[in-house]
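In: sequence unknown, structure follows:
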């Protein structure tokens, strides 16, 4: 087919009113970070495949805004008809529109794919010049996307209490107490992982995320699950019935929000014509950051309680069963990573004549013979998936594996493709960032290795990243501290050399849910101030350094926030610290021990000792011998 730009512009011109511009965001109807194939509209129109970004199409211009993780990738993927706009460096989308489009310009959006917060921010800025945001009744991209994938009817699965740790009835009881407290009659949930968490269900509608395309509405005495009913088995119907949740068609959510607004939404068992809202609770709770503008538009302004979803924080605070599952699945996952490193080390030596994981003699190393197996970024990552798949409770990967050699490792969220990926090279750094979905938890780990002789510069950069990684891991901090405050700890060793990285340092991780989970984060971004870290949250520790066209380094573990063991308790605040639950060795060959202090070396030794102890039962004799060598204590000088 031709370029989507050429098909979209006539539709924009013929729209009533004619559109000066069309905004195409990355998100689906649920404001998801990762979306299904049929919802990748921004990728379809622009060719840019990263998970974050927004496209703007005018009659003469086409631009994509994305963040620092994707600057290199977007520059490679966008055709010369598109201009890359770097978030944080270039004017924002709304300011660019305000400054460059005519006064009274009309800008089209699909209100299902834009959150309340975002739409209102755009409207406020556009209003300065009488520019107008137009809510389209039909998504114009869908009109021109003739090969758009069909919706799949993947089954809804009940998530057993042995893994969930809390019953649906308990979660609903808690939620209704929160509604009553703020005088709310009902709440609308649009975020896929919140619906899955609240109703203890999982699915496979979005690759790598065990969620179902669904909405939920909960009132003080009813609950509804909006989903394609073809996905719902008798077992799921029974599960919903037991918990007094009514299953309704996915498309009914819009009209039901209207009924909720007028106090007429009732379950089939209560259709007696009596309004459910005869008490003083008249508000409807809407999360402005996640609820789509289309549903919000069905509510009356004076009845809306705009506040972050109460489930965002509740889901982030893992219960004891979830914490136990996360610890266990990370041990199995660590064993898979070690098995992968053992296999890869042998392959690099056998096929490329590489010195391997432990040695670093001089010389260059290429594939020995034409008939030896060619290792590529994709074939080795497939092998890693195989090791994970052999582990108990494995359900799939938690995101596409970032398997990257040399210059590709400098692309933070690099996604190797079979046709274009690089062959492994013993003389270049290899970075792999990967994770899995297990029924008892979600994992996310990054390690950076070298099978030849790393340069002194590579060692210096790796060591600076490792020092920042350790500094965050060992931090102790008072209650009420946000991830915005802690972010600097991971950067200081890099800043010392005038180095840095453009992404955040840590994100929450779900319990057999999305690998990226809020509402907290460890980041320089202002929103990282919004939610203080609390005991039983999970968060990653992943500083990095990326040298465009050369190499990239990242080290990542998952941490659990725990109570801190401090000698004093200034201000009676209580102090917190971290427990790391990810287990795989750090490559000693890449460390410059001359710049590491004794405490850091002792941390590595203690971590490696625990690693060996926890993974032993999952490894065979040769794998264990490799791990023994990889974790031999470093001498503290």
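Out: On my side now, so go ahead. Just so it is clear, the structure is predicted and the values come from calculations on it, not from any experiment.
In: quick check, central residue of the chain?
Out: Nearest residue to the geometric centre of the chain (C-alpha atoms, centre = their mean): residue 516, 2.8 Å.
In: next structured bit after the host helix or strand of residue 350?
Out: In the assignment (DSSP states H and E), residue 350 maps to helix 320-352. Remark: after helix 320-352, the chain's next helix or strand is helix 377-389, criterion DSSP H and E.
In: and that next one, what other elements does it pack with?
Out: If you count contacts as 3 or more C-beta pairs under 8 Å, 6 or more residues apart in numbering; DSSP states H and E, helix 377-389 packs onto helix 320-352, strand 394-397, strand 402-405, strand 430-434. C-betas here are computed from N, CA, C, even on glycine.
In: buried sites along it?
Out: 377, 378, 379, 380, 381, 383, 384, 385, 387, 388 (16 or more other C-beta atoms under 10 Å).
In: ok, the residue nearest to the fifth one when sequence neighbours are not counted - contacts?
Out: The spatial neighbour of residue 381 that comes closest, neighbours along the chain excluded (C-beta to C-beta, 6 or more residues apart in numbering), is residue 403 at 3.7 Å. Residues touching residue 403, when contacts are defined by C-beta atoms under 8 Å, 6 or more residues apart in numbering, comprise 377, 378, 380, 381, 384, 416, 421, 430, 432, 434.
In: again, only this time at 6 Å
Out: Neighbouring residues of residue 403 by C-beta atoms under 6 Å, 6 or more residues apart in numbering: 377, 381, 416, 432.
In: likewise residue 557?
Out: By C-beta under 6 Å, 6+ apart, the contact set of residue 557 is 541, 580, 582.
In: among these, which ones are in strands?
Out: Using DSSP state E, the members of these that fall within strands are 541, 580.
In: relative to strand 430-434, how tilted is the helix holding residue 350?
Out: In terms of direction (axes from the mean of the first three to the mean of the last three C-alpha atoms, to 10 degrees), helix 320-352 departs from strand 430-434 by 150 degrees.
In: for the chain, name the helix or strand with the lowest mean pLDDT.
Out: Confidence across the helices and strands of the chain bottoms out at helix 71-77, with a mean of 93, counting by mean pLDDT, DSSP states H and E.
In: contacts for it, please.
Out: By C-beta under 6 Å, 6+ apart, helix 71-77 touches 47, 48, 50, 66, 84, 86, 411, 548.
In: for stretch 292-305, same thing?
Out: Against stretch 292-305 from outside (C-beta under 6 Å, 6+ apart): 29, 111-112, 114, 116, 119, 182, 184, 190, 257-258, 261, 282-286.
In: likewise stretch 223-235?
Out: The set of residues external to stretch 223-235 that reach it, using C-beta under 6 Å, 6+ apart, is 153, 155-156, 214-217, 245-248, 250, 253.
In: next one: stretch 312-323
Out: 165, 166, 197, 508, 511, 518, 519, 536, 537.
In: so among these, which ones count as buried?
Out: 165, 166, 197, 508, 511, 518, 519, 537.
In: for the helix holding residue 350, which positions count as buried?
Out: Of all the residues in helix 320-352, those buried under the rule 16+ other C-beta under 10 Å are 321-323, 325-345, 347-349, 351-352.
In: model confidence score at residue 413, please.
Out: pLDDT, residue 413: 87.
In: from the contacts of stretch 223-235, keep the buried residues only.
Out: By 16+ other C-beta under 10 Å, the contacts of stretch 223-235 give 156, 214, 215, 216, 217, 245, 246, 247, 248, 250, 253 as buried.
In: which of these fall in helices?
Out: residue 253 (DSSP state H).
In: for the stretch 351-500 of the chain, which spans come out with low pLDDT?
Out: 367-371 (pLDDT under 70).
In: what sits against the nearest residue to residue 231 once chain neighbours are set aside?
Out: Distances taken as C-beta to C-beta, 6+ apart place residue 156 nearest to residue 231, at 4.9 Å, with adjacent residues excluded. By C-beta under 6 Å, 6+ apart, residue 156 lies in contact with 201, 203, 212, 231, 232, 236.
In: name the nearest of the contacts of stretch 223-235 relative to residue 392.
Out: residue 155 (21.7 Å; C-beta to C-beta).
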